[in-house]
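Asks: Just a sequence and a predicted model for now, questions to come.
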Amino acid sequence: MAYLFCDSYKLGLNIVAIQKICSEQNLKLTVVTKAVCSRPDIVQFLIQNAVHSIADTNISNFEQNLFAPVSKILLRMKITDIPFVTGCEHPVSYIYVSDSGILTALQEESFVPSVILPIEVGDHRDGIELNELSHILKQYKRLPIAGVSANFSCLSHRLPDKQSLEILVHAGEEYEQITGRKAIVSAGGSVLWDYIRYGYLPEQITDVRLGEAVFLGYDSVRDRALPGLRQDVWYLLAETVETRLIERLFKKQIQRCVLDFGSLAAPEVHLQKCNPDVMFCGQTFDFTVVEISETEQSPGNLLFLGVDYTVLSYSSLNPYIQKMDLAW
């Protein structure tokens, strides 16, 4: 069986480094845990490392952490989620809502968690246009709207810039003028790392949401390692189910190995070789074939492969990839 392994020491280093910088910039950190399906052992590890807020797009992932002492933010609110966020157990603290139909339906409920309004700043994934915000705040003033947010580079891969950050800041200012309350102003995306690290975010932004930066120390939009963070936190341990010696030119023998995972769990293009002697030869949905020129490999042996955010997400979702519990 293939295993998804986390080096908890290195994950801890990333958390400490990010927490320190956020604290210096007076920013509250929310760790986006959707890539690991908000696994309880990972969430507990975050709590042990002074993380007080997590975010996910699937409310069902919060059910396994119902009583964990951490603020839970639902980033993708669907109308079918309403009974679960307004029910007696109240599994979430904040919900992100940009759809007027959902806001209208929420007004009929006796209890609603705090609402954050996503603002469109150029990514075109979701969000309220800035010129619509005043109307939304007045129309839904019965709802416990707590602030505004923005996503950066999720869909369009447009990088944050002065203009997009100013839109978010203006949204926060408009919220405060209309409601008379201090706004939560939240910015999300690991592409913000340099802004956070060097103190370039506008002071009006109070919260940042980071996932890939925490778990992988990487920015896949820019395709670069993030300075000051570890990238070698996660590994896929693949078990060999078949080996065969193949003779190449100059009578050099190599081993062709069939590994026990395929593209449904970890697309080859998103894997990193920990051993330079490994060469990928192809995949099916269920198997991956590699050739190994030097390292001895036999059935039952494990091959270590580095992963990116895509593989981390795919493997976390795949029921046939064993998740190795953290030990700390």
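Replies: That came through fine. Numbers count the residues shown, from 1 in each chain.

Asks: so where's the stretch 1-150 of the chain uncertain?
Replies: 88, 90 (pLDDT under 70).

Asks: So which residues of it form strands?
Replies: Secondary structure of the stretch 1-150 of the chain (DSSP state E, counting those that start in this stretch): strands located at 3-6, 28-32, 53-56, 71-74, 94-96, 114-118, 145-151.

Asks: what's the fourth one packed up against?
Replies: So that's strand 71-74. Counting contacts by 3 or more CB pairs under 8 Å, 6 or more residues apart in numbering; DSSP states H and E, strand 71-74 is packed against strand 53-56, strand 94-96. Every C-beta, even on glycine, is put in place using the N, C-alpha and C of the backbone.

Asks: strands paired with the first one, and their directions?
Replies: If I follow you right, that is strand 53-56. The pairing partners recorded for strand 53-56 under DSSP bridges are strand 28-32 (parallel), strand 71-74 (parallel).

Asks: And the residue nearest the centre of the chain?
Replies: residue 211 (3.6 Å; CA atoms, centre = their mean).

Asks: Could you find the closest non-adjacent residue to it?
Replies: residue 32 (3.3 Å; CB to CB, 6 or more residues apart in numbering).

Asks: Report how many residues lie close to that neighbour.
Replies: 24 (other CB atoms under 10 Å).

Asks: so it bridges to which residues?
Replies: Bridge pairing for residue 32 - DSSP bridges - gives residue 55.

Asks: I'd like the distance from it to residue 115, if you could.
Replies: Between residue 32 and residue 115 the computed distance is 18 Å (CB to CB, to the nearest Å).

Asks: related to what we said a few turns ago, distance to residue 165 added to the strands of the stretch 1-150 of the chain, as a markdown table?
Replies: Formatted as a markdown table, the strands of the stretch 1-150 of the chain follow (distance: least, CB to CB, whole Å):
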| stretch | distance to residue 165 |
| --- | --- |
| strand 3-6 | 33 |
| strand 28-32 | 17 |
| strand 53-56 | 20 |
| strand 71-74 | 21 |
| strand 94-96 | 18 |
| strand 114-118 | 15 |
| strand 145-151 | 8 |
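
Asks: quick one, phi/psi of residue 195?
Replies: Residue 195 has phi and psi values of phi -60, psi -40 when expressed as degrees, to the nearest 10.

Asks: Next up, the contacts around it.
Replies: Shown in contact with residue 195 (CB atoms under 8 Å, 6 or more residues apart in numbering): 160, 165, 201.

Asks: For those, please prepare TSV with the additional fields pLDDT, secondary structure and distance to residue 232.
Replies: Output for those, formatted as TSV (pLDDT from 0 to 100; DSSP: H, G, I helix; E, B strand; the rest coil; distance: CB to CB, whole Å):
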residue	pLDDT	secondary structure	distance to residue 232
160	84	coil	27
165	95	helix	31
201	95	coil	28
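
Asks: now, among those, which is nearest to residue 132?
Replies: residue 165 (19.2 Å; CB to CB).

Asks: What distance do you get for the closest residue to residue 13 other than its chain neighbours to residue 196?
Replies: Of all residues not flanking residue 13 in the chain, residue 230 sits nearest, at 5.5 Å (CB to CB, 6+ apart). For residue 230, the distance to residue 196 equals 17 Å [CB to CB].

Asks: Those two: which is more packed in?
Replies: residue 196 (22 against 18).

Asks: Determine the three-state secondary structure at the more buried one.
Replies: The three-state label given to residue 196 by DSSP: H, G, I helix; E, B strand; the rest coil is helix.

Asks: Isn't it up against residue 27?
Replies: Yes - Residue 196 lies in contact with residue 27 (CB atoms under 8 Å); the separation is 6.8 Å.

Asks: what's the overlap in contacts for those two?
Replies: With CB under 8 Å, 6+ apart as the test, residue 196 and residue 27 both reach residue 208.

Asks: In the stretch 101-250 of the chain, what residue spans correspond to helices?
Replies: Applying DSSP state H, counting those that start in this stretch to the stretch 101-250 of the chain gives helices spanning 133-139, 162-179, 193-197, 212-216.

Asks: So residue 58 versus residue 66, what's the distance?
Replies: In this view, residue 58 and residue 66 are 14 Å apart by CB to CB.

Asks: I meant to write residue 19 there.
Replies: 25 Å.

Asks: So which of these two has more stuff around it?
Replies: Using other CB under 10 Å as the criterion, residue 19 and residue 66 rank with residue 19 on top: 17 against 10.

Asks: quick one: the more buried one and residue 30 touch, right?
Replies: No - Residue 19 is not in contact with residue 30 according to CB under 8 Å; the separation is 11.6 Å.

Asks: wait, what's in contact with the residue nearest to residue 211?
Replies: 54, 55, 56, 75, 188, 209, 210, 211, 214.

Asks: what's the farthest-apart pair in the residues you listed?
Replies: Farthest-apart pair in those is 75 and 214; separation 15.1 Å (CB to CB).

Asks: Go ahead and confirm residue 101 touches residue 77.
Replies: No - using CB under 8 Å as the test, residue 101 is too far from residue 77 to be in contact (11.0 Å).

Asks: okay, those two: which has more neighbours?
Replies: Between residue 101 and residue 77, counted using other CB under 10 Å, the more crowded position is residue 77 (26 against 9).
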